[in-house]
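[1] Sharing a sequence plus its predicted fold:
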Amino acid sequence: MQFFAKTFFLSMIFILFIAISPVHAFGITPVKMLVTADPATSQTVVVRINNSDKTNLTFKLSVLGTKQDEMGLPVFERGVDEAEAWIFPEESLVTLKPGETRAVNFIIRVPENASAGSHYVGLAVEPALKNTNQNAITSRLLSLLTLQVKGLVQESVIIEKWDVIKGSVGNKSWKFALGLQNNGTVEVPLKGTAAIKNWRGEEIFIEPVVLGNTLLAGSRRVLSPEISLKNNISLPGIYQAQIQVNYGRTNQAVSAIDYIWYFPIWSKVVLAAGGLCMAFLVFLLIKKLRKS
């Protein structure tokens, strides 16, 4: 059941673990973990803290839930995942001397009625301020833990929105509003393609669409993909834009279609000229009828 986490976690490593605190220098390892567990079982995971500061430091340990925002970036806060109640540090505070490295334990106790699938938490380590009223810059580092509870899991991604953005269909590139929702119980990688078809449904061309990193269970994603038209799209008329998203270990697919009336600039000029000619002919006809 161990799969799918690499792309998402690599992006979060870059965002969260490169920076060093401007006040206290310390580090933690590992920066990510993947644990598989049965319901009604217990496990222990180890996080190592290194104090590279020149003074003794006391660190506070805690557990935060993890989710993604609509851009695919990680958000850490309490009350996000039920697994926050299953995981706790063996010690809430640890003190390290300068240059010292210590292993600290986080206990995982999966309840018997735990939901099967993936749960996401951050094992947080941060310097404890001696004076809680003091305004100071501090840092928090997190080891990202994916806890996969064994059982029957479901992969399900839906397309919530696929609409061409108003004002873009007269250009040589069409911009769309795309919304995705992971209704399954595990994280899934995403691959997408967009096909442009004529009014008969015949494919004119197809190109890949970048959908970002792994989509966590329960998360939404909002994207604005842009499709550059090929030279074989030149005539005005109605076209179909079909998005297809392949996801998950089983490579399931979901798709949606938007219908687009396309009027290139030259066709608008022709229509405007034709309208003027028609108006002029009507004017001449009315004038002739009045004379007679």
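    Done, it's in. Numbering: from 1, shown residues only.
[2] what ranges do the helices span in the stretch 151-292 of the chain?
    Using DSSP state H, counting those that start in this stretch, the helices assigned to the stretch 151-292 of the chain run over residues 265-291.
[3] ok, which stretches of it are strands?
    For the stretch 151-292 of the chain, applying DSSP state E, counting those that start in this stretch gives strands covering 157-164, 173-182, 190-197, 203-209, 220-223, 226-228, 237-247, 252-262.
[4] Tell me if I'm right that residue 259 and residue 239 touch.
    Yes - Residue 259 is within contact range of residue 239, at 7.5 Å (criterion: C-beta atoms under 8 Å). The way it works is simple: take the backbone N, C-alpha and C, and place the C-beta from them, glycine included.
[5] Which of those two has more residues huddled nearby?
    Between residue 259 and residue 239, counting by other C-beta atoms under 10 Å, residue 239 is the more crowded of the two (21 against 11).
[6] Any idea what the more buried one is bridged to?
    Beta-bridge partners recorded for residue 239 (DSSP bridges): residue 260.
[7] I figured it hits residue 198, correct?
    Yes - using C-beta under 8 Å, residue 239 is in contact with residue 198, at 6.3 Å.
[8] And the strands of the stretch 151-292 of the chain, which one averages the lowest pLDDT?
    Sorting the strands of the stretch 151-292 of the chain by mean pLDDT places strand 226-228 lowest, at a mean of 88.
[9] Any buried residues in that one, and which?
    If you call a residue buried by 16 or more other C-beta atoms under 10 Å, then strand 226-228 has these buried ones: residue 227.
[10] Could I get the CA-only coordinates of stretch 56-71 as PDB?
    The C-alpha coordinates for stretch 56-71 follow below in PDB (Å, rounded to 0.1, in the frame of the first residue of the first chain):
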ATOM      1  CA  ASN A  56      21.500  25.100  25.100                       C
ATOM      2  CA  LEU A  57      18.100  24.900  23.500                       C
ATOM      3  CA  THR A  58      14.900  23.500  24.700                       C
ATOM      4  CA  PHE A  59      12.600  22.200  22.000                       C
ATOM      5  CA  LYS A  60       8.800  21.800  22.100                       C
ATOM      6  CA  LEU A  61       7.400  18.700  20.200                       C
ATOM      7  CA  SER A  62       3.800  18.600  18.800                       C
ATOM      8  CA  VAL A  63       1.700  17.100  16.100                       C
ATOM      9  CA  LEU A  64      -0.200  19.000  13.400                       C
ATOM     10  CA  GLY A  65      -2.600  17.900  10.600                       C
ATOM     11  CA  THR A  66      -1.500  18.400   7.000                       C
ATOM     12  CA  LYS A  67      -3.600  19.400   4.000                       C
ATOM     13  CA  GLN A  68      -3.200  21.000   0.600                       C
ATOM     14  CA  ASP A  69      -4.500  24.400  -0.400                       C
ATOM     15  CA  GLU A  70      -6.000  24.900  -3.900                       C
ATOM     16  CA  MET A  71      -2.600  25.600  -5.400                       C
END
